[in-house]
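*Asks:* model this:
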Amino acid sequence: MTKKKLSLKKYIPSPLQVIAFLTGFALMAFELVAARILAPSIGSSTYVWTSVIGIIIAALSVGYWYGGKLADARNRPLDVVALCIIAAVGVGLMMMTYPSLLEWVVALIEDNRVQGVVASLTLFAPTSFILGAISPYLVKLSIHSLSTSGRSVAGLSALNSVGGIAGTFITGFVLFSYIGARETLLIVIVTLLVSSWLIIPWRHFKMRAVATILLLIVVAFPAPQASAVVASIDSPSAHYTVSDIAYNGQQTRALMTGPGGIQSAVTKNAPNELAFWYTQYAADLIDALDAKRILVLGGGVFTLPAYLADTHPDAQVDAVEIDPALKDIAVDYFDYKDRANLQLYFEDARTFVNQAQTKYDAIVVDVYGTTSIPFSFLTKEYGEAINKMLSDKGSVIVNAIGALDGPCRDVIDVIDAVYRPYVPFAYWQSQSTNPNTRANYILLYSKQAFTGGAMNTLSRGAIGVYTDDYAPAEQLHFKCQRTLR
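*Replies:* Alright, predicted model coming up:
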């Protein structure tokens, strides 16, 4: 009786299978970086993600069609080599041109939905088209018999999908934690160049080697930054820009996360003071309320929580921020230091609200941005959860961006509808003297009549409260933004 020899050959993936895996990895990493690239100039709303995903899928579809047609007509392994190199060149060109192109798109087009579509078509569609063309060509080259064609196609498709899964999780969970968008794109380029060398590497060796080296040299140079930019930082949650600017006549260090302006800031000659009117006004309200247990939803670089901890040494201040990377940014660039009476929580603010057991005398809600309105903070369910967190004399202080008249009043009304059923006394204050102008409004909701300062009574709006099932946050923001232009 003879023993069969164990053969490992059938378990070793072929070059075509490895290319399928690597191109799947490159595609999903490229797609995640695409949305990150658009965030500082156009934003990261659902509209932007819709543009990126829709355009990339459309370009891939055309690429699949063209790749299949090309494979049937030519059936040459070197074509896959050429497609991988062209895709790498496409990523490199996008890296070098996207800052100026996005500046042009934002200046020329007002509608951020159209901005997202045009930017995605210009920056991401060409490379996605080439990546789409690779898959059917790999299938064509892998089929040697009709009797095994199903397994060949299934195997390549599975490996391409596994590569995409790996690209998604490694990019989102690992790469964005340690390197930036440009460095991630360099990894995509290297991945595509490695793929190009897996098929008959001895053919046209010198030409391929020169093309590989030249491309890597060109894209390895860092992109120039504006003189005011101190640092550009990527984290799994967002892209941050730290800049030194003039704000209200003061030299200010500012944190930006998108095109809507400054998110957090400190005055350089007085880093322990609050740079913004609305944060100072919120702090003044806390003083008037004499709160002993304070919660800040939306920490930024923790300027307001730190200020409250310093000015209320007998109070306990809790701050919730989704991105733990902001702690290091705050320490490195904004002179943040820990306080004994300040506790930082790094999780989604809505999740924190849902699970919190502590009662607070004052809750500051600073999560409404200029480019997006988180829908989960505009719902009945959120309002119910916030109400459970308030002490018997508790108050909610909201930093909202809207207007008292016109379409932007809808934003204020929707926010108002969340708190009004549980905290009946509602007030507002703003630096804006034009009720039609979108601006920062400090809204105060109190269980008792407020007598601690000059605030205006907020009239109740006509819009009802939304739910977790339906809250058209993007539509509200877009309507307000578009009308005011």
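
*Asks:* What segments of the stretch 301-450 of the chain are strands?
*Replies:* For the stretch 301-450 of the chain, the strands defined by DSSP state E, counting those that start in this stretch occupy 316-321, 342-346, 360-365, 390-402, 425-430, 439-446.

*Asks:* and among those strands, the most buried is which?
*Replies:* Neighbour counts (mean count of other Cβ atoms under 10 Å) averaged over each of the strands of the stretch 301-450 of the chain peak at strand 360-365, with a mean of 25. Glycine gets a C-beta too; all of them are placed from N, C-alpha and C.

*Asks:* So what touches it?
*Replies:* Here strand 360-365 makes contact (Cβ atoms under 8 Å, 6 or more residues apart in numbering) with 282, 285-286, 289-298, 304, 318, 377, 386, 389-391, 393-399.

*Asks:* pretty sure Val194 contacts Leu22?
*Replies:* Yes - using Cβ atoms under 8 Å as the test, Val194 is close enough to Leu22 to be in contact (6.6 Å).

*Asks:* The two: who's more crowded?
*Replies:* Leu22 (25 against 16; other Cβ atoms under 10 Å).

*Asks:* Looks like the more buried one contacts Leu193 (just checking).
*Replies:* No - using Cβ under 8 Å, Leu22 is not in contact with Leu193, being 10.0 Å away.

*Asks:* Among the strands of the stretch 301-450 of the chain, which comes closest to Thr457?
*Replies:* With Cβ to Cβ as the criterion, Thr457 lies closest to strand 425-430 of the strands of the stretch 301-450 of the chain, at 6.0 Å.

*Asks:* Next, please give the residue ranges for the helices of the stretch 251-400 of the chain.
*Replies:* Remark: helices assigned in the stretch 251-400 of the chain by DSSP state H, counting those that start in this stretch are 277-289, 303-311, 325-333, 349-355, 380-389.

*Asks:* Deepest-packed of those helices, please.
*Replies:* Of those, helix 303-311 is the most buried (mean count of other Cβ under 10 Å), at a mean of 22.

*Asks:* biggest helix in this protein by residues?
*Replies:* Across the chain, the helix with the greatest residue count (assigned by DSSP state H) is helix 77-108.

*Asks:* List the buried residues of it.
*Replies:* Neighbour counts over helix 77-108 (16 or more other Cβ atoms under 10 Å) mark 79-81, 83-95, 98-99, 101-102, 105 as buried.

*Asks:* ok, back up a step: which one of the strands of the stretch 301-450 of the chain lies nearest to Ser14?
*Replies:* With respect to Ser14, and counting by Cβ to Cβ, the nearest of the strands of the stretch 301-450 of the chain is strand 342-346 at 44.4 Å.

*Asks:* Excluding its own residues, what touches the closest one? List them.
*Replies:* Counting by Cβ under 8 Å, 6+ apart, the neighbours of strand 342-346 from elsewhere in the structure are 299, 302, 305-306, 309, 316-324, 327, 352.

*Asks:* With stretch 229-241 instead?
*Replies:* With Cβ under 8 Å, 6+ apart as the contact definition, stretch 229-241 has outside contacts at 36, 39-40, 44, 172-173, 176-177, 179-181, 184, 225, 242-244, 253, 255-257, 322-323, 325-326, 329, 332-333.

*Asks:* 7 Å instead?
*Replies:* Identification of contacts with stretch 229-241 by Cβ atoms under 7 Å, 6 or more residues apart in numbering yields 36, 39-40, 172-173, 176-177, 180-181, 225, 242-244, 255-257, 322-323, 325, 329, 333.

*Asks:* How about stretch 203-218?
*Replies:* 78, 85, 88-89, 92, 189, 193, 196.

*Asks:* Could you break the protein into its assigned domains?
*Replies:* Using automatic domain parsing, the domain ranges for the chain come out as 13-220, 271-483.

*Asks:* relative to helix 77-108, how tilted is the next helix or strand along the chain from the longest helix of the chain?
*Replies:* Sequence-wise, the next helix or strand downstream of helix 77-108 (DSSP states H and E) is helix 112-123. If you take axes from the mean of the first three to the mean of the last three Cα atoms, to 10 degrees, helix 112-123 sits at 150 degrees to helix 77-108.

*Asks:* helices or strands up against helix 112-123?
*Replies:* In this structure, helix 112-123 packs against helix 46-73, helix 77-108, with contacts taken as 3 or more Cβ pairs under 7 Å, 6 or more residues apart in numbering; DSSP states H and E.
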